[in-house]
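Enquirer: Coordinates only, no sequence provided:
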Ligand SMILES: Nc1nc2c(ncn2[C@@H]2O[C@H](COP(=O)(O)OP(=O)(O)OP(=O)(O)O)[C@@H](O)[C@H]2O)c(=O)[nH]1
Ligand SMILES: [Mg+2]
């Protein structure tokens, strides 16, 4: 393998790759949702670095990856996540990790949820029921979340109450609409999530 | 589950070889957003090609564990093993994502909120 190549690519095409020397805190939020809902687009719209991706090949017999069940003779599967970064101040950087919910039993999912402040669930009104799996997963992990309907051009528009009901949201779970391709719209959706997380900490008994 | 677009040639990375047969790091202190800093004064000769590549990347400045894995196109689990060895050998040091003074979560969230609002 040509070892010079990889780092050259990083250095020459991505100035601004590195963190400011003053960064002291790295916060982590998740962007989750079913297949094709817009996670990669959302992270890409916000990230100051080229969105990165890592893959993990699961080989452990004990890894209960859903996909393994049907594939006889196959002992590995690949799980992936993508992520981006936003420097929010001299001392604070925010990382966004995007991954689908089928990866619940994998080490990658555990890595991702560990230390995360909360999650934004992207949903699509053409298949709201596809969001249940990932919402349950977050609930199992005790991770608070907000829901953002990523509006696709040909998707039906429903009144908020109907969406809340279809998704069976708790009264205090925020629900917003966004366009994952648009930086401002995606930023607003994240603000809704963080506002919610912040309000929760104020309510929790010390 | 994942789109059938290979991001890299399969077989380019052979985790078992890269980590000299180990699948667990010598330390278990790496979060995906643990910050990693390289020490410029350590000799690089004698390092395996993967560790050399990692050091080359990290000598440019601080990065998170996830970013290092992403740029080197290595699985996170493999990256952690390499990082852990390089911390043991004094090539790298790490900083916990949340400083040990333990900022209250509410304060971090407030700072995240301020930072996001400033981008509108
Ligand atoms: N019209 C419209 N299209 C979108 C929007 N967000 C994403 N898309 C498109 O929808 C497709 C899927 O988006 P991705 O961001 O790849 O979705 P994903 O959730 O990362 O998909 P997987 O990683 O495969 O699960 C892409 O072709 C996007 O360009 C949106 O807000 N509006
Ligand atoms: Mg994606």
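Expert: Okay, I see it. Everything quoted here is computed from the prediction, not taken from an experiment. Ligands and ions are numbered 1, 2, ... in the order given.

Enquirer: what residues are up against residue A:200?
Expert: Shown in contact with residue A:200 (CB atoms under 8 Å, 6 or more residues apart in numbering or on different chains): residue A:144. In short, each C-beta sits where N, CA and C put it, glycine included.

Enquirer: looking at this, it is in a strand?
Expert: No: checked against DSSP: H, G, I helix; E, B strand; the rest coil, residue A:200 lies outside a strand; its state is helix.

Enquirer: which residue ends up closest to the midpoint of the chain in space?
Expert: The chain I'm using is chain A. The structure's chain A has its C-alpha centroid closest to residue A:31; by CA atoms, centre = their mean the separation is 1.8 Å.

Enquirer: now the strands: where do they sit in chain A?
Expert: Counting by DSSP state E, the segments of chain A that form strands are A:25-32, A:52-58, A:77-87, A:92-99, A:118-123, A:145-150, A:175-178.

Enquirer: do the same with chain B
Expert: Under DSSP E, chain B gives strands at B:35-38, B:63-64, B:92-95.

Enquirer: Quick check: which of these has the most neighbours on average?
Expert: Mean neighbours per residue, mean count of other CB atoms under 10 Å in any protein chain shown, is largest over the strands of chain B for strand B:63-64, with a mean of 24.

Enquirer: mean confidence for that strand?
Expert: Regarding strand B:63-64, the rounded mean pLDDT is 97.

Enquirer: ok, back up a step: include distance to residue A:169 when you put the strands of chain B into a markdown table, please.
Expert: Below are the strands of chain B laid out as a markdown table (distance: least, CB to CB, whole Å):
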| stretch | distance to residue A:169 |
| --- | --- |
| strand B:35-38 | 35 |
| strand B:63-64 | 32 |
| strand B:92-95 | 37 |
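
Enquirer: Which one, of these, ends up nearest to ligand 1?
Expert: strand B:63-64 (20.6 Å; CB to the nearest ligand atom).

Enquirer: ok, back up a step: do you know how far the residue nearest to the centre of chain A is from ligand 1?
Expert: According to CB to the nearest ligand atom, to the nearest Å, residue A:31 stands 9 Å off from ligand 1.

Enquirer: In space, what's closest to residue B:79 - neighbours in sequence excluded?
Expert: Sequence neighbours aside, residue B:69 is the residue nearest to residue B:79 in space, at 4.0 Å (criterion: CB to CB, 6 or more residues apart in numbering or on different chains).

Enquirer: can you give me the helices for chain B?
Expert: For chain B, the helices defined by DSSP state H occupy B:15-18, B:49-58, B:65-72, B:76-88, B:105-117.

Enquirer: Single out the most deeply packed of the ones you listed.
Expert: helix B:65-72 (a mean of 25).

Enquirer: which helices and strands sit right next to that helix?
Expert: For helix B:65-72, the packing partners by 3 or more CB pairs under 8 Å, 6 or more residues apart in numbering or on different chains; DSSP states H and E come out as helix A:3-13, strand A:52-58, strand A:77-87, helix B:49-58, helix B:76-88.

Enquirer: how close does the residue lying closest to residue A:134 once chain neighbours are set aside get to residue B:31?
Expert: Distances taken as CB to CB, 6+ apart put residue A:101 closest to residue A:134, at 3.1 Å, once the chain neighbours are dropped. Distance from residue A:101 to residue B:31, counting by CB to CB, to the nearest Å: 21 Å.

Enquirer: now swap in residue A:125 and tell me
Expert: According to CB to CB, residue A:125 stands 35 Å off from residue B:31.

Enquirer: who's more crowded, the two?
Expert: Just comparing residue A:125 and residue B:31: by other CB atoms under 10 Å in any protein chain shown the higher neighbour count belongs to residue B:31, 20 against 17.

Enquirer: re earlier: which stretch among the helices of chain B approaches ligand 2 most closely?
Expert: Across those, ligand 2 has its closest neighbour in helix B:65-72 (13.9 Å, CB to the ion).

Enquirer: where does the chain have low pLDDT?
Expert: As the question left the chain open, I've gone with chain A. Scanning chain A with the threshold set as pLDDT under 70 gives A:1-15, A:58-76, A:102-106, A:204-206.

Enquirer: Please refer instead to chain B.
Expert: Scanning chain B for pLDDT under 70 picks out the ranges B:1-24, B:26-28, B:100-102.
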